[in-house]
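Visitor: sequence-free structure coming up:
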DNA sequence: GTCTATACGCTGATAGAC
DNA sequence: GTCTATCAGCGTATAGAC
């Protein structure tokens, strides 16, 4: 880790137990009603607290959402570090492709609710740490001095990750979906599979 | 229940001038603050009306949003009809690809604000007419008895339309973007030149 | 038909007592 | 750490003036 940890931290006050109860209640309710349809009152009721008590632990509604999705954001950050440490650009790009597809498929059910949730999208737009990570990944994908086609293809790859949460493919086997997503991504970004080491 | 409201129609009351003033004010404000960040009060103030007067013309906040995006939805509906009237499936698919890309690029600036707006996405999810059109286009794209790869590719194409509103490509020339989007879509969906009807 | 005045229940958020 | 009390603002709704 380098530098400034506090930027990304939701910084909840107090000790752990009530916190976890709030987050558990929030996740349950997000599944049932979506993020936008979940009020602080509902979270407080299910966690057995008052609205104001919830506010003691999390200073804003956004902070609860961020605390819920932070593990996934951290995983993305780790991905860019792994890619940055790769021996060459092809390897780095392949780490990003397979890593992002894996990540998005690991959270497939969660993603169908959270990643595709409009309210989350709104929150992430205004989240500086997330923007930075997004920009870093984007730069790693397109490389230096990209032409128009490269930039378009990278953008298509980025938006294609969303299909993991698509209702039309919800019942498709995850392994099959993974293979097709990675195949198409490799063809799109134009990186050959890394050569075997030996 | 009041009267027998038509399900699909935003059905504003009254007719003409004030309506348009409200819609103009709404569009301006959507550009400035996004849909979610625009309240009825703001719309009323800019249109020179009270909140209740706005509520007279549009019974709900959603109705205003729907009235704003209805022209685009109608265009999509016309597209599926054109595709359905095509001589063979390859032609139909190509009509859909080029038509959807064109549509999304025509509304590029509008789309960057509206099409990508989380609040709009939320509204459209609950909009039955829109769901039906989406399902129809999807069926026309993948054809009968699609295999897994076909379905994945169709889903990728669908999500790829979003890049028209992507900030990273905002300054890219529209014609160049169009060419690359169509090229990639054709490669993805894999439509050959229409065969002669034998 | 078009609009004003007024209000309801709810939201996210804050201040301060225990 | 958790409470009560309170806030302004929201979308929605109705009664009634013109």
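Guide: That came through, no problem. Only a predicted model underlies this, so the values are computations on that prediction, with no experimental measurement involved.
Visitor: burial count for residue A:129?
Guide: Look at residue A:129: counted by other C-beta atoms under 10 Å in any protein chain shown, it has 16 neighbours. (Glycine included, C-beta is placed from N, CA and C.)
Visitor: looking at chain A, which helix or strand is least sure?
Guide: Least confident helix or strand of chain A, by mean pLDDT, DSSP states H and E, is helix A:108-113 with a mean of 82.
Visitor: which secondary structure elements does the following helix or strand past it contact?
Guide: Once the chain leaves helix A:108-113, the next helix or strand it forms, by DSSP states H and E, is helix A:118-125. Under the contact definition 3 or more C-beta pairs under 8 Å, 6 or more residues apart in numbering or on different chains; DSSP states H and E, helix A:118-125 sits against helix A:61-84, helix A:128-142, helix B:118-125.
Visitor: contacts for the last one, please.
Guide: Taking C-beta atoms under 8 Å, 6 or more residues apart in numbering or on different chains as the criterion, the residues outside helix B:118-125 that touch it are A:36, A:118-119, A:121-122, B:34-36, B:62, B:65-66, B:69, B:114, B:130-131.
Visitor: now the two most distant members of those residues.
Guide: Greatest spatial distance in the contacts of helix B:118-125: B:34 and B:131, 23.4 Å, computed using C-beta to C-beta.
Visitor: neighbour count: the two, which is higher?
Guide: residue B:34 (18 against 12).
Visitor: contact partners for the more buried one?
Guide: With contacts defined as C-beta under 8 Å, 6+ apart, residue B:34 is in contact with B:113, B:117, B:119.
Visitor: okay, the nearest residue to residue A:127 once chain neighbours are set aside: pLDDT?
Guide: Closest residue to residue A:127 in three dimensions, ignoring its sequence neighbours and counting by C-beta to C-beta, 6 or more residues apart in numbering or on different chains: residue A:66, at 7.1 Å. As predicted, residue A:66 sits at a pLDDT of 94.
Visitor: phi and psi next, for residue A:42.
Guide: Note on residue A:42: backbone dihedrals following degrees, to the nearest 10 are phi -60, psi -40.
Visitor: again but with residue A:116, I slipped
Guide: The phi/psi pair for residue A:116 (degrees, to the nearest 10) is phi -90, psi 0.
Visitor: how about residue A:60?
Guide: Phi and psi for residue A:60, reported as degrees, to the nearest 10, are phi -150, psi 160.
Visitor: around it, how many other residues sit close by?
Guide: Residue A:60: 11 neighbours (other C-beta under 10 Å).
Visitor: residue A:116 too?
Guide: By the criterion of other C-beta under 10 Å, residue A:116 has 17 neighbours.
Visitor: next one, pLDDT for residue A:8 please.
Guide: Here, the pLDDT recorded for residue A:8 equals 42.
Visitor: ok, residue A:2 next?
Guide: Looking at residue A:2, its pLDDT stands at 37.
Visitor: residue A:22 now?
Guide: For residue A:22, the pLDDT comes out at 95.
Visitor: before we move on, what about residue A:48?
Guide: Model confidence at residue A:48 (pLDDT) stands at 96.
Visitor: surely it meets residue A:22?
Guide: No: Residue A:48 lies out of contact with residue A:22 (C-beta atoms under 8 Å); the separation is 9.8 Å.
Visitor: higher neighbour count, the two?
Guide: Set side by side, residue A:48 and residue A:22 show more neighbours around residue A:22, with 24 against 11, by other C-beta under 10 Å.
Visitor: SS state for the more buried one?
Guide: Put simply, residue A:22 is helix when judged by DSSP: H, G, I helix; E, B strand; the rest coil.
Visitor: now do the contacts for the closest residue in space to it that isn't next to it in sequence.
Guide: Leaving aside its sequence neighbours, residue A:22 sits nearest to residue A:47 (C-beta to C-beta, 6+ apart; 4.9 Å). Contact analysis of residue A:47 by C-beta under 8 Å, 6+ apart lists A:18, A:21-22, A:24-25, A:54.
Visitor: show me which of those residues is closest to residue B:43.
Guide: Comparing the contacts of residue A:47 against residue B:43 with C-beta to C-beta picks out residue A:54 as the nearest, at 31.9 Å.
Visitor: OK, contacts around the closest one?
Guide: Residues near residue A:54 by C-beta under 8 Å, 6+ apart: A:22, A:40, A:43-44, A:47, A:64.
Visitor: any idea how far residue A:139 is from the closest residue to residue A:99 other than its chain neighbours?
Guide: Once flanking residues are discounted, residue A:99 sits nearest to residue A:79: 4.3 Å by C-beta to C-beta, 6+ apart. Residue A:79 sits 13 Å away from residue A:139, going by C-beta to C-beta, to the nearest Å.
Visitor: alright, that wraps it up for me.
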